[in-house]
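> Structural data only, the sequence is not supplied:
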């Protein structure tokens, strides 16, 4: 099995046009670049209305299974991929305005919104070089549960509701009850004792 040789560059555009080299592993990429590298995947180039238009724009970089244009990329050159993305971010309902049942024409719920328009973009995976390779990490925020008491205004509550819940401490293993046991042939299962 051949490993993918990802390009080494300072940006996605440079990785697509003129990479510094190619490497399969981070240690190889760092040795070729002479400095720290990080593996990233970014969208590059324009957005296309159809998959066919995107395949026509990047011949030889992607597998093309269309009749008459069959092309297969070598395993070590599979660092590009087409992705279907929403053209615009989805509209959200305003706070407090969820979908309400209508009970009209024998239907309980209204017709759902039409699916969003989509576009096709080329996504490239590569080794990013230099200071750009080091991701800027924000300091960890306290879990949302701790700040709920301090948030009194609606804007602060919406901000807290939008952030993910993080546990305060790791989850403890499950306790085995008084009338439960682990069978010797399957110690990962807890069975009730009758």
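Here it is on my side, so go on. Because the structure is predicted, anything quoted here is derived from the model rather than measured. Numbers count the residues shown, from 1 in each chain.
> Please make it C-alpha for all contacts and neighbour counts, starting now.
Fine.
> so how far is residue 115 from residue 109?
17 Å (Cα to Cα, to the nearest Å).
> Which one's more surrounded, the two?
A direct count of neighbours by other Cα atoms under 10 Å for residue 109 and residue 115 places residue 109 higher, at 12 against 8.
> Leaving out sequence neighbours, find the closest residue to that one.
Computed as Cα to Cα, 6 or more residues apart in numbering, the closest residue to residue 109 that is not its neighbour in sequence is residue 101, at 4.9 Å.
> List the buried residues of stretch 54-74.
54-55, 61-64 (16 or more other Cα atoms under 10 Å).
> ok, residue 178 - contacts?
Listed by Cα atoms under 8 Å, 6 or more residues apart in numbering, residue 178 has no contact partners.
> What distance do you get for it to residue 89?
Taking Cα to Cα, one finds residue 178 at 52 Å from residue 89.
> Residue 49 too?
Using Cα to Cα, one gets 16 Å for the distance from residue 49 to residue 89.
> Who has more neighbours out of those two?
Neighbours were counted for residue 49 and for residue 89 using other Cα under 10 Å; residue 49 has more, 15 against 9.
> For that one, give me its contacts.
Neighbouring residues of residue 49 by Cα under 8 Å, 6+ apart: 118-120.
> which one of these sits closest to residue 161?
residue 118 (27.8 Å; Cα to Cα).
> who does the closest one bridge with?
residue 86 (DSSP bridges).
> Count the neighbours of it for me.
Neighbours of residue 118 using other Cα under 10 Å come to 16.
> just the one 10 residues further on next, same as before
The tally of other residues near residue 128 (other Cα under 10 Å) stands at 26.
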